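predicted model, plus sequence, below.
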Amino acid sequence: MKVPSVSPLRIQALGFESLAVVSFPHVESPSSAGEALDWLATALPAARAAGGAKGGIAALAAGSTLGATAVVVPESALRACPPPAGATVDLPWAALEVSLSGASSPDTAAVLSLLGSTLTAANIRWRALPAAEVSCLLLVREEDLSAAGVALARAGHALSPSVRVCPPTPVEDQ
């Protein structure tokens, strides 16, 4: 498979709080999407009131082809308001915002193909999210974030902020 040429990309790790993917089981009616939205409408304000959820990221995906409804929320939303019974939680994830280093905007499919190939080749676990104002938005497992930074830099892309991608090793007291 030929990977399209779409380099270099600017990739920014968003926020300092881990994200969670909360999946609600699909039922025969569209109520799971409503249940997810109801939970989201409660969990995010509760997390903000407790001092979390400052990143502002939340995504919703629903439909019979998915087999479930899923939301992506800051981890503090789970602490503020546990998800309903039957929901599954997958965490921790980090969000990466992708934009092109130039005037033209490439096709989202080309960007996903390029980044997906790079991350998959490095055994990085990732997911794509819908994005309105950037080329694309990716989720990468927190524990894979440093390895993703190395793989993306080797592929010629710029990833920042470095303190989020490659946190400094703590210095122990002597």
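Perfect, thanks for sending it.

low-confidence regions, the protein specifically.
1-7, 26-33, 55-67, 101-106, 131-135, 163, 166-171, 173-174 (pLDDT under 70).

what bridges to residue 99?
residue 10 (DSSP bridges).

that one against residue 9, yeah?
Yes - Residue 99 lies in contact with residue 9 (Cβ atoms under 8 Å); the separation is 7.1 Å. Bear in mind the C-beta positions are built from the backbone N, C-alpha and C, glycine included.

neighbour-wise, which of these two wins?
residue 9 (24 against 16; other Cβ atoms under 10 Å).

in contact with that one, which residues?
98, 99, 100, 101, 111, 114, 115, 135, 152, 157, 158 (Cβ atoms under 8 Å, 6 or more residues apart in numbering).

mind listing which of the residues you listed are in strands?
98, 99, 100, 158 (DSSP state E).

all helices for this protein, in order.
31-49, 75-80, 108-121, 145-154, 162-165 (DSSP state H).

can you name every helix or strand that the last one contacts?
In this structure, helix 162-165 packs against strand 9-25, helix 145-154, with contacts taken as 3 or more Cβ pairs under 8 Å, 6 or more residues apart in numbering; DSSP states H and E.
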